[in-house]
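Visitor: no sequence for this one, just the structure:
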């Protein structure tokens, strides 16, 4: 089923005409209202009226996460604050979050995109949605909530946490749609089993899972254990939140990008050259309808691939493959973004010396665990066990306080961390997802 | 009145200790006394050797992290109550022992106790005042 058939199944030519018109409006708007864009366009010597075709988008400069941080909190907004009706934020890389704003029309756009998303996932007016995405600054909870209401489905705004209560409500309220992160879905299956609740006895028919990378194996496991069809959703707050792209229940093969609102590109993260359809690279998004927080050529750092082939569901919008990694070294651990450089500065501050360290991420059961290996050298060595253990504990405490993620710190021998071409290998990700 | 002890950081991995003793053996270094403190992840090997400068040098050459600490060696008669008398003296003077280990001399007459104190000078003074025999480093290295 298709929520907005006119747009979602529009012939490519008509769609591209709309994209170009909207792109030109957006580019003119950001040039005139956001000093960051005026400056970055001027630096490469491009004026908004030089965007005459969709291909001209490639001449515009990229926007990086650092740019958002530099303009914290509201510097990238394109409207005065009295037009902003909502503010969201995502976890930041150095303590400060990335802040985004929405006008009333942006909320309406987002709600429609989420209604499209839900319907693509098989949701209709008669469904009851158990929405276990977090409500708050995170865009997940409210994004799904507004989409559900726009579609006319019933929504249970349960948010995350208190899993036993979630299972009780699932049993008693009989929701038919589950929305949450894939890892939380599997945790719910485990808790339900412990409580003697069988998902086969519940009424779920489909679920829309995202906000973290997952795999086909996880999809099979979720579908089997929760007895429903599992769809992948992609989004990021910098672009709009959830509702950038979603899989259709008909094909479950690639995520349709709502191209009438977002123009995707795939680039080589090293050369920054555009790559053709079917070649994996870094996803770059330009929003073409957003008012409060438009963004031009945003470097998502997510590695994906674009497939233009028509889909059996009837949508003409291009599909992106599952996100298969990152072009930077960001790790997502239990939903928290972690950069190795953050751990490095915590170690620097705690020990007062430049560390040799390595992060090892593993998945034990449903939980991601982070171990931080720190090499001991003469400056930090002690002949007393308690001193070394105190150091481990204080590193763990400082990492937890600074990054919000629990880590196990292990002291290791000098030069024991693998080095490649002289550089230490900073991250070993053993998670199989 | 102080003795040089070297300490080596070791991960709990099979064969690491043998590597250390192998390196020392090849360099002709004799181990006088030894103790190993360990946790689930790592261990600290403490050694008193006949030539601590050389020991430190060869171990560092092999990539080990080596520390140097001053400890106190005390001679005590090898009979029941010998250690207790010394600990009592330290307790009465409120001196905290960070760690200690012991070995028996070849003659079998006396035992040697190695103490690690925070305040080493005060500890040596208290022990001497109480007629405890504190062994000179040179004598111990040559034992």
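Guide: Received, thanks. Here the structure is a predicted model, which means the values were calculated and not measured. Residues are numbered from 1 along each chain as shown, chains lettered A, B, ... in the order given.
Visitor: check for me that residue A:341 belongs to a helix.
Guide: Yes. Residue state for residue A:341 (DSSP: H, G, I helix; E, B strand; the rest coil) corresponds to a helix.
Visitor: which positions within stretch A:4-19 qualify as buried?
Guide: A:7, A:8, A:9, A:10, A:15, A:18, A:19 (16 or more other Cβ atoms under 10 Å in any protein chain shown). Heads up, the C-betas are built off the backbone N, CA and C, glycines and all.
Visitor: identify the farthest-apart pair in the residues you listed.
Guide: Comparing every pair within these by Cβ to Cβ identifies A:9 and A:19 as the most remote, at 15.5 Å.
Visitor: looking at chain B, which residue is nearest chain A?
Guide: In chain B, the residue that lies nearest chain A is residue B:7 (3.7 Å; Cβ to the nearest Cβ).
Visitor: for that residue, which three-state class applies?
Guide: At residue B:7 the chain is in strand, as set by three-state DSSP.
Visitor: next up, the contacts around the closest residue to it other than its chain neighbours.
Guide: Spatial nearest neighbour of residue B:7, chain neighbours left out: residue A:383 (3.7 Å); criterion: Cβ to Cβ, 6 or more residues apart in numbering or on different chains. Contact analysis of residue A:383 by Cβ atoms under 8 Å, 6 or more residues apart in numbering or on different chains lists B:5, B:7, B:44, B:46, B:67, B:69, B:116.
Visitor: residue A:383: what secondary structure?
Guide: coil.
Visitor: gap between it and residue B:141?
Guide: According to Cβ to Cβ, to the nearest Å, residue A:383 and residue B:141 sit 18 Å apart.
Visitor: and the end-to-end length of stretch B:115-132?
Guide: By Cα to Cα, to the nearest Å, the extent of stretch B:115-132 from end to end equals 13 Å.
Visitor: does any bit of that stretch sit next to chain A?
Guide: Yes. Judged by Cβ under 8 Å from any Cβ of the partner chain, stretch B:115-132 comes into contact with chain A at residue B:116.
Visitor: got the contact list for that stretch?
Guide: A:383-384, B:1-2, B:5, B:69-74, B:76, B:86, B:89-90, B:93, B:95-100, B:134.
Visitor: and the residues you listed, which are buried?
Guide: The buried subset of these (16+ other Cβ under 10 Å) comprises A:383-384, B:1, B:5, B:69, B:71-74, B:76, B:86, B:89-90, B:95, B:97, B:99-100, B:134.
Visitor: show me what the closest residue to residue B:32 other than its chain neighbours bridges to in the sheet.
Guide: Excluding the flanking residues, the one nearest residue B:32 by Cβ to Cβ, 6+ apart is residue B:48, at 4.4 Å. On the basis of DSSP bridges, residue B:48 is bridged to residue B:33.
Visitor: ok, residue B:48 to residue A:333 distance?
Guide: Using Cβ to Cβ, residue B:48 is found at 45 Å from residue A:333.
Visitor: looking at the two, which is more packed in?
Guide: residue B:48 (26 against 22; other Cβ atoms under 10 Å in any protein chain shown).
Visitor: identify the bridge partners of the residue of chain B closest to chain A.
Guide: Going by DSSP bridges, residue B:7 forms beta bridges with residue B:46, residue B:67.
Visitor: ranges for the helices of chain A?
Guide: Taking DSSP state H, the helices of chain A run over residues A:5-8, A:12-33, A:35-44, A:65-70, A:104-120, A:139-151, A:163-173, A:182-194, A:216-226, A:340-351, A:385-403.
Visitor: what's the burial count for the residue nearest to residue A:342 when sequence neighbours are not counted?
Guide: Excluding the flanking residues, the one nearest residue A:342 by Cβ to Cβ, 6+ apart is residue A:403, at 5.6 Å. When neighbours are counted by other Cβ under 10 Å, residue A:403 registers 22.
Visitor: got the contact list for residue A:403?
Guide: Applying Cβ under 8 Å, 6+ apart to residue A:403 gives the contacts A:336, A:338, A:342, A:343, A:346.
Visitor: how many residues are close by residue A:225?
Guide: Residue A:225 has 17 nearby residues by other Cβ under 10 Å.
Visitor: and the gap between it and residue A:187?
Guide: 11 Å.
Visitor: residue contacts, the nearest residue to residue A:46 once chain neighbours are set aside?
Guide: Spatial nearest neighbour of residue A:46, excluding adjacent residues (Cβ to Cβ, 6+ apart): residue A:59 at 5.6 Å. Neighbour list for residue A:59: A:44, A:46, A:50, A:51 [criterion: Cβ under 8 Å, 6+ apart].
Visitor: would TSV of those with neighbour count, pLDDT and distance to residue A:31 be doable?
Guide: Shown next, in TSV, are the contacts of residue A:59 (neighbours: other Cβ atoms under 10 Å in any protein chain shown; pLDDT from 0 to 100; distance: Cβ to Cβ, whole Å):
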residue	neighbour count	pLDDT	distance to residue A:31
A:44	9	96	12
A:46	17	96	9
A:50	12	97	11
A:51	19	97	10
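Visitor: could you dump the residues you listed into JSON lines with distance to residue A:314 added?
Guide: Shown next, in JSON lines, are the contacts of residue A:59 (distance: Cβ to Cβ, whole Å):
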{"residue": "A:44", "distance to residue A:314": "40"}
{"residue": "A:46", "distance to residue A:314": "37"}
{"residue": "A:50", "distance to residue A:314": "36"}
{"residue": "A:51", "distance to residue A:314": "31"}
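Visitor: what's the farthest-apart pair in these?
Guide: A:44 and A:51 (12.5 Å).
Visitor: common neighbours of these two, please.
Guide: A:59, A:60.
Visitor: any idea how chain A splits into domains?
Guide: Listed by automatic domain parsing, the domain ranges of chain A are A:5-326, A:331-429.
Visitor: and the end-to-end length of the last one?
Guide: Spelled out, it's domain A:331-429. By Cα to Cα, one end of domain A:331-429 lies 9 Å from the other end.
Visitor: average pLDDT across it?
Guide: The pLDDT scores in domain A:331-429 average 85.
Visitor: and chain B, what are its domains?
Guide: According to automatic domain parsing, the domains of chain B span B:3-69, B:72-134.
Visitor: among the ones you listed, where is the model least confident on average?
Guide: domain B:72-134 (a mean of 90).
Visitor: quick one: it to chain centroid distance?
Guide: Distance of domain B:72-134 from its chain centroid, counting by Cα atoms, centre = their mean, to the nearest Å, is 12 Å.
Visitor: same thing with stretch A:103-120?
Guide: 17 Å.
Visitor: would you mark the buried spots in it?
Guide: Buried-residue list, stretch A:103-120, by 16+ other Cβ under 10 Å: A:103, A:106-107, A:109-120.
Visitor: cool, and stretch A:246-260?
Guide: Neighbour count says stretch A:246-260 has A:246-249, A:252-260 buried, by 16+ other Cβ under 10 Å.
Visitor: most packed of the domains of chain A?
Guide: domain A:5-326 (a mean of 19; mean count of other Cβ atoms under 10 Å in any protein chain shown).
Visitor: what does chain B have sitting close to chain A?
Guide: Counting by Cβ under 8 Å from any Cβ, chain B sits next to chain A at B:5, B:7, B:9-11, B:37-39, B:41-42, B:44, B:46, B:63-67, B:69, B:98-99, B:116.
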